[in-house]
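Peer 1: I would like to see how this sequence folds:
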Amino acid sequence: MTGLATPERLRELFHPASVALVGASDTSGWGRNVYESLRTGGFEGRFVPVHPGHPTVFGIPTVPSLRDLGEPVDLAFVLVPTLSVEAVVEDAAAAGIRNLVVLAAGFGEQGDDGRRLQRRVVERATGHGITLLGPNGLGFINAPARAAPYGLSISPPLIAGPVSLVLQSGALASAMLAFARGHAIGINLLVSMGNEAMVTTADVIEYLIGDPATRVIALFLEEIRESAHFVALARRALEAGKPVVAVKVGRSVAGRRAALAHTGAVAGDDAVVDAALRQVGVIRARSLEELLVTAGLLATAPPLRGRRMGVVSASGGACDIIADRAQEEGLELPDFAPATVEELAEVLPPFTRAQNPVDVTGFGLAHAPAGRTRPVVRTLDAVTRDPNLDFVLNLGVLLPPLRPPDPSVLEQGIDQQAEIIARSPVPVVAVSTTCGDVTEYMRGVLAPRRLHLLAGLEFGLAAVGHAVRWEEWRGSLRPERRPEGPGRATAPAWVSGHPAGAWSETDGRRLLSLTGVPMVPAELARSAEEAELAAARAGLPVALKVSGPGLAHKSELGAVALDLDSPAAVREAYARLRQAAAGEPAVEGVLVAPMRTGGQELLAGVTVDATFGPVLAVGLGGIWTEVLRDVALRVLPVDRTDALEMLGELRGAAVLRGARKREPADLERIADALVRLAGAADLVGPSLRALEVNPLWCRGDEVEGLDVLVVTEGEADLAQGGVGDPGAPGRRPRGGIPPSRSGREG
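Peer 2: Next up, the predicted model:
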């Protein structure tokens with residue numbers, strides 16, 4: 001954040017009382033869009049078109065230049081060609097204008113020449129104290145302030161509300177506004193970020209965290225720049241009780257193709273994004289619709305604290321759909337309390353049952369005895385008072401798209417439901433069965449009664465699941481983690497000065513010993529006789545493997561031998577392994593270690609993500625790693641609570657707990673080993689590319705690493721933007737090392 005993108009300066013930018021449109025023309029579609037968007041937004045301030053060749057534009061007198069304004073405007077929206085933007089910045093400075101929106105493209109997104117031009121424009125603006133949004137951006141819409149200097153047309157009405165949208169895309173905004181309008185989701189601020197040359201997405205998020213009119217922050221992200229700042233702001237938003245919901249595009253397998261070791265291969269860029277966002281309480285939506293429906297729910301509903309959901313519906317089919325989706329979202333559908341069942345028995349028709357979800361059937365909507373309340377209303381009243389529930393999903397708010405000839409009976413039922421919802425001891429979430437638009441008539445009924453209708457069961461249940469999980473994240477918020485262990489400052493000189501590339505296993509073991517990662521005992525032998533003696537000390541059977549720098553895939557080289565159960569087998573294997581590695585430089589010798597049998601293998605490692613930096617991964621080892629891809633991830637640093645949570649997230653967690661009479665593993669010891677592994681990664685510092693213990697063997701309270709791989713980069717690689725510079729935008733790991741399969745020692 002620069003001094004020109006502080007929350008104070010952004011508040012000034014987003015609340016203009018006067019606007020100049022530079023490059024305005026009756027024949028410019030962009031200019032017409034900006035003018036019409038201002039009118040649609042209800043702008044009532046001073047508007048001045050600027051053009052040197054047209055005396056009027058849109059029927060309004062023009063001025064030839066910003067220098068001719070007489071008095072400065074709060075904002076200049078710049079439509080001129082790319083190469084003319086620098087001159088307009090100078091004109092704005094001379095006119096005393098402090099805020100610009102630059103529409104033109106052809107800057108940082110267009111190669112070296114464009115980047116140089118963008119730097120010059122930003123330097124000029126900075127030198128004059130001008131805040132610049134863009135370039136290559138469409139502007140913003142501030143609905144409550146009635147200011148919509150925006151480069152695409154927007155359709156009325158513009159519904160003001162507590163949801164703010166920050167988009168790393170401009171053209172999506174019109175579609176998102178249309179969906180929000182169609183589902184009565186009120187928008188506070190919408191910003192098209194453009195190239196973020198001065199004002200960044202992180203700057204706008206920081207502004208919105210402190211903006212009292214914003215209750216929910218919704219993001220469309222093509223990439224996460226300034227990752228450390230983004231993470232810190234997400235944490236601040238969680239602490240402040242402002243949900244952040246994001247669509248992050250880029251779900252693909254491309255990240256796995258750049259894998260450095262097995263850890264990188266099973267993690268992948270998108271899986272890391274998922275983990276990183278979840279760690280700081282950012283809800284990740286799968287679509288624009290899910291983004292907006294979730295934001296609308298969080299902006300209008302009371303906190304959904306707890307997973308126990310009650311459901312009131314007039315459709316058995318809808319009840320079935322809800323039951324399936326509830327399970328997918330981790331929501332519970334508990335039985336009603338006996339008192340509720342007894343009360344419902346007096347309300348429901350005899351051909352339905354008082355169970356959760358409860359189906360009042362069409363009878364519940366149509367049957368209205370004289371002087372009595374409809375069954376759907378009475379059912380809702382009973383269910384909201386059930387002590388077994390944390391919240392209620394209500395499908396009883398049914399409205400036609402057009403006003404009926406006599407709406408009194410219909411609206412009386414809505415009034416009754418609104419009264420029940422207002423006094424309910426638990427939150428009530430109204431949802432429609434399908435994702436239909438909320439029409440003008442429907443808005444006129446719902447808004448005065450403070451009712452918000454979620455858009456269909458699919459998006460509605462996804463939004464409910466997100467809201468419940470967000471409350472859990474907020475409730476479990478812990479102090480910011482610090483790396484555990486000795487700390488990077490205490491690392492021996494040989495660690496920071498270690499040659500780049502794949503380390504020898506003996507050096508990898510030395511590294512892990514610094515933080516106490518438990519490893520199976522191993523002895524380095526430099527002759528067949530030494531190997532035989534080492535095997536005797538270790539106890540047969542043993543495993544042998546060549547150790548030396550650069551040997552990241554010993555199994556493929558034939559440099560591993562397992563289950564050696566006699567001195568003769570050890571001697572023969574030693575000779576064979578040395579022959580297999582004869583072409584490898586700097587072989588140190590052959591490691592001799594006891595075999596480990598039974599138990600469970602895990603994969604544990606740290607890989608370095610280009611955006612978020614070091615990431616810890618743990619999953620079931622062996623074939624399960626590749627077949628099930630059952631891996632839990634956390635961006636470092638982590639603590640023991642994080643490590644235990646990771647183990648609990650695995651689909652194979654039951655295996656570790658002793659399913660099917662297996663011996664349970666000591667999860668506390670495994671978690672401790674994971675934290676110590678993360679500490680070893682911290683000791684290596686920014687040169688780390690991968691640190692993997694594969695397998696991490698567990699049997700009861702025995703936990704040992706059987707193999708270790710460490711890969712680092714040199715200073716030249718880091719200077720060129722390798723993974724050692726995780727904060728650099730758009731950078732990806734350089735090169736690639738095939739998956740490490742150095743052989744199983746047990």
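Peer 1: Identify the residues contacting the closest residue to residue 168 other than its chain neighbours.
Peer 2: Closest residue to residue 168 apart from its sequence neighbours, by Cβ to Cβ, 6 or more residues apart in numbering: residue 222 at 4.5 Å. In short, each C-beta sits where N, CA and C put it, glycine included. Taking Cβ atoms under 8 Å, 6 or more residues apart in numbering, we find residue 222 in contact with 168, 169, 249, 250.
Peer 1: and stretch 55-62, which residues are buried?
Peer 2: For stretch 55-62, burial by neighbour count (16 or more other Cβ atoms under 10 Å) applies to 57, 58, 62.
Peer 1: Packing partners of the helix or strand hosting residue 380?
Peer 2: Secondary structure from DSSP states H and E places residue 380 in helix 375-384. Judged by 3 or more Cβ pairs under 8 Å, 6 or more residues apart in numbering; DSSP states H and E, helix 375-384 is in contact with strand 309-313, helix 338-345, helix 361-366, strand 391-394, helix 408-423.
Peer 1: Ranked by average pLDDT, which of the ones you listed falls at the bottom?
Peer 2: Lowest mean pLDDT within these: helix 361-366, a mean of 67.
Peer 1: related to what we said a few turns ago, okay, the helices and strands packed on helix 375-384 in CSV with mean neighbour count next?
Peer 2: Below are those laid out as CSV (neighbours: other Cβ atoms under 10 Å):
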stretch, mean neighbour count
strand 309-313, 25
helix 338-345, 16
helix 361-366, 17
strand 391-394, 25
helix 408-423, 16
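Peer 1: what mean pLDDT does the helix holding residue 380 have?
Peer 2: The average pLDDT within helix 375-384 is 94.
Peer 1: cool, stretch 498-516 as well?
Peer 2: 96.
Peer 1: Pull out the buried residues from that stretch.
Peer 2: Going by 16+ other Cβ under 10 Å, stretch 498-516 has these buried residues: 498, 500, 502-512, 514-516.
Peer 1: ok, so of the residues you listed, who is nearest residue 45?
Peer 2: Ranked by distance to residue 45 (Cβ to Cβ), the buried residues of stretch 498-516 are led by residue 500 at 59.7 Å.
Peer 1: What ranges in the stretch 501-650 of the chain fall below the confidence cut-off?
Peer 2: 622-628 (pLDDT under 70).
Peer 1: where along it do the strands fall?
Peer 2: For the stretch 501-650 of the chain, applying DSSP state E, counting those that start in this stretch gives strands covering 501-502, 523-525, 542-547, 560-564, 589-594, 600-609, 613-620, 631-635.
Peer 1: Now the helix or strand hosting residue 237: buried residues?
Peer 2: Assigned by DSSP H and E, residue 237 belongs to helix 227-240. By 16+ other Cβ under 10 Å, the buried positions in helix 227-240 come out as 227, 229, 230, 231, 233, 234, 235, 236, 237, 238.
Peer 1: So the fifth one versus residue 217, what's the distance?
Peer 2: The span separating residue 233 from residue 217 equals 9 Å under the rule Cβ to Cβ, to the nearest Å.
Peer 1: could you point out which element follows the top strand by length along the chain?
Peer 2: Ranked by residue count, the top strand of the chain under DSSP state E comes out as strand 688-699. Counting by DSSP H and E, the next helix or strand C-terminal to strand 688-699 is strand 702-705.
Peer 1: that older thread, what is the longest strand of the chain packed up against?
Peer 2: helix 262-279, helix 505-515, strand 600-609, helix 667-684, strand 702-705, strand 708-712.
Peer 1: can you give me how far it is from the chain middle?
Peer 2: How far strand 688-699 lies from its chain's middle: 26 Å, per Cα atoms, centre = their mean, to the nearest Å.
Peer 1: ok, residue 123 to residue 132 distance?
Peer 2: According to Cβ to Cβ, residue 123 stands 11 Å off from residue 132.
Peer 1: ok, the two, which is more surrounded?
Peer 2: Per other Cβ atoms under 10 Å, whichever of residue 123 and residue 132 has more neighbours is residue 132, with 26 against 12.
Peer 1: Which phi and psi values does that one adopt?
Peer 2: phi -120, psi 120 (degrees, to the nearest 10).
Peer 1: Where does the prediction get shaky in the stretch 351-500 of the chain?
Peer 2: 363-372, 485.
Peer 1: quick one: the helices in it?
Peer 2: Per DSSP state H, counting those that start in this stretch, the stretch 351-500 of the chain carries helices over the ranges 361-366, 375-384, 408-423, 440-446, 457-475, 493-496.
Peer 1: Please convert those helices to JSON lines, extending it with distance to residue 155.
Peer 2: Formatted as JSON lines, the helices of the stretch 351-500 of the chain follow (distance: least, Cβ to Cβ, whole Å):
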{"stretch": "helix 361-366", "distance to residue 155": "33"}
{"stretch": "helix 375-384", "distance to residue 155": "34"}
{"stretch": "helix 408-423", "distance to residue 155": "27"}
{"stretch": "helix 440-446", "distance to residue 155": "13"}
{"stretch": "helix 457-475", "distance to residue 155": "21"}
{"stretch": "helix 493-496", "distance to residue 155": "60"}
